[in-house]
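Enquirer: need a structure here:
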Amino acid sequence: QVQLVESGGGLVQAGGSLRLSCAASGRTFSSYNMVGWFRQAPGKEREFAAAIRWSGSSAFYGDSVKGRFAISRDNVKNMVYLQMNSLKPEDTAVYYCAASLTASWGTEPRYYDYWGRGTQVTVSS
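Expert: Numbers count the residues shown, from 1 in each chain. Prediction:
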């Protein structure tokens, strides 16, 4: 059974940093074309944050996080990370890890086949 499990969320003050982790079970990340992070705030649609292509490790980011967030991977540990710096109250959301078997680019949820349950990030002002 394929599972993605996020961790690392929490409460942080504005300007602070957090690192989110995504662990995969049932399938290694190398079997996916792309792994991404989305976020969803209450009453809002799910928003793309970042993604990394497994072949070549190229990454791309949503405009709202570009320059502040960085996605990375660890092949040995089978983990994907989202380093979040200079956090703002508007970054408050549930953050989801997602993986795509076939797509090599995608900023919409429909491109991703598997999802984790999410981890809450709250940024206080």
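Enquirer: please make it C-alpha for all contacts and neighbour counts, starting now.
Expert: Fine.
Enquirer: neighbours of Ser72, how many?
Expert: By other Cα atoms under 10 Å, 18 other residues sit near Ser72.
Enquirer: that one contacts Leu82, doesn't it?
Expert: Yes - Ser72 lies in contact with Leu82 (Cα atoms under 8 Å); the separation is 6.6 Å.
Enquirer: what ranges does this protein have for its strands?
Expert: Remark: strands assigned in the chain by DSSP state E are 3-7, 10-13, 18-25, 34-40, 47-53, 59-61, 69-74, 79-84, 93-100, 114-115, 119-124.
Enquirer: let me see the mean pLDDT of the first one.
Expert: Translated: strand 3-7. Strand 3-7 carries an average pLDDT of 96.
Enquirer: leaving out chain neighbours, which residue sits closest to the residue most central in space within the chain?
Expert: When Cα atoms, centre = their mean is applied to the chain, the residue found nearest the centroid is Trp37 (2.2 Å). Leaving aside its chain neighbours, Trp37 sits nearest to Cys97 (4.7 Å; criterion: Cα to Cα, 6 or more residues apart in numbering).
Enquirer: point out where the chain drops to low pLDDT.
Expert: Across the chain, nothing is flagged by pLDDT under 70.
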